[in-house]
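dropping a prediction and its sequence here:
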Amino acid sequence: MYFPYFVEGDFIPQESTLVHAEMQPEQVTEEPKTDAEPVAASGRITVEVDGEAREMALEDYVVSVVSGEISPDFPEEAIKAQAVAARTYALYKQQTGRPAQHQDADVCDNPAHCAAYVDLKTEAVARWGETANADAAKIRKTVKETAGMVLTYEGKPIVAVFSAAAGKKSERAADVWGTEIPYLQSVDSPGGEACPKYHATVTLSADEVRKRAAKSVPSADLSGDPSSWFKASKRSEAGGILKVKFGGVDVQGTALRTLFGLNSTNFTVKVDGDILTFSTTGYGHGVGLSQWGAKYAAEQGQTWQEILTHYYPGTKITQITV
């Protein structure tokens, strides 16, 4: 099953308390067999950085991903949870096979395609300023304390997707990408409200909505009063729009999110004359680990193991054998 991805500017490095909201799997192979072998890995990975393939230690790659994906201001247990998720996803992609987007590398530095990547040797000061040394040391320490740890389901690395902030519940993979995955289910996810972009709005004129729809939903009838354009919406358990009649055409919530540049599929529409305001809850696709949810859980005293097994139910924490 192919998982669509798109670049939407979710990763905002200049805001240190924001983490990027998209990281989505390209493909999912058949479900692991029950007699799967223990997880084995070379301990190395090839990464496309600035268009160039670089081979490096897997743990060095995880340090760079964690540096790009989560704020060092977060509690250590949340950062450890992010490290294990990032390592697991990297190993999953490595074992799945290289995609057409980067045939010379297992993963790339595009946060909308694989994961964010920050080279601490050259980018730490620009990223964190005067606290760069302390922040980099914290990231390296937390990654080291989880070295080699990954999440598995029936013996194989999972598709450990994550996003910035789920709503009150995380989303099911089946509701977002159409593929049922046992460990990517909807679970309670408190704490997302602390994310600066948890609530957001996008305001568009009726003409702009028509212009955008003409390219991707040309059969939609957007004549008449804009208040009649959106009808019969169906929501997921977590609140995301699964589909809605848009100008009389059934359209998926994920497609409308992309079309209108929304932070999530959990949105409402308010019409005032020829002005449409989309109000969103949550930041990102909402599947798997919620980074701000992990922050909240850690602040409540949960360990990284408890955080991960909550967001990826039915999985096990496994040590890589090299």
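Yep, that arrived.

which stretches of this protein form helices?
Taking DSSP state H, the helices of the chain run over residues 58-69, 76-96, 120-128, 132-144, 173-177, 206-216, 253-260, 291-299, 304-311.

kindly reformat those helices as TSV containing mean pLDDT, distance to S236 and mean neighbour count.
C-beta: built from backbone N, CA, C; applies to glycine. Listed next are those as TSV, based on pLDDT from 0 to 100; distance: least, C-beta to C-beta, whole Å; neighbours: other C-beta atoms under 10 Å:
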stretch	mean pLDDT	distance to S236	mean neighbour count
helix 58-69	96	25	24
helix 76-96	96	22	25
helix 120-128	93	35	15
helix 132-144	97	33	17
helix 173-177	96	4	23
helix 206-216	96	22	15
helix 253-260	97	8	20
helix 291-299	98	17	26
helix 304-311	98	16	22
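
in the stretch 101-250 of the chain, which spans are strands?
With DSSP state E, counting those that start in this stretch as the criterion, the stretch 101-250 of the chain has strands at 107-108, 149-153, 156-157, 162-163, 199-205, 230-235, 241-246, 249-252.

out of those strands, the one nearest V322 is which?
Proximity to V322 (C-beta to C-beta) singles out strand 149-153 among the strands of the stretch 101-250 of the chain, at 12.0 Å.

what's that closest one in contact with?
Applying C-beta atoms under 8 Å, 6 or more residues apart in numbering, the contact partners of strand 149-153 are 32, 39, 84-85, 87-88, 91, 157-158, 160, 182-183, 308, 312, 314-320.

filter those down to just the buried residues.
Among the contacts of strand 149-153, those that count as buried by neighbour count (16 or more other C-beta atoms under 10 Å) are 39, 84-85, 87-88, 91, 157-158, 160, 183, 308, 312, 315, 317-318, 320.

spatially, which two of those residues are the most separated?
Farthest pair in the buried ones among the contacts of strand 149-153, by C-beta to C-beta: Y183 and I320, 18.4 Å.

would you mind giving the strands of the stretch 101-250 of the chain as a markdown table with mean pLDDT added?
Listed next are the strands of the stretch 101-250 of the chain as a markdown table, based on pLDDT from 0 to 100:
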| stretch | mean pLDDT |
| --- | --- |
| strand 107-108 | 96 |
| strand 149-153 | 97 |
| strand 156-157 | 95 |
| strand 162-163 | 96 |
| strand 199-205 | 98 |
| strand 230-235 | 95 |
| strand 241-246 | 97 |
| strand 249-252 | 97 |
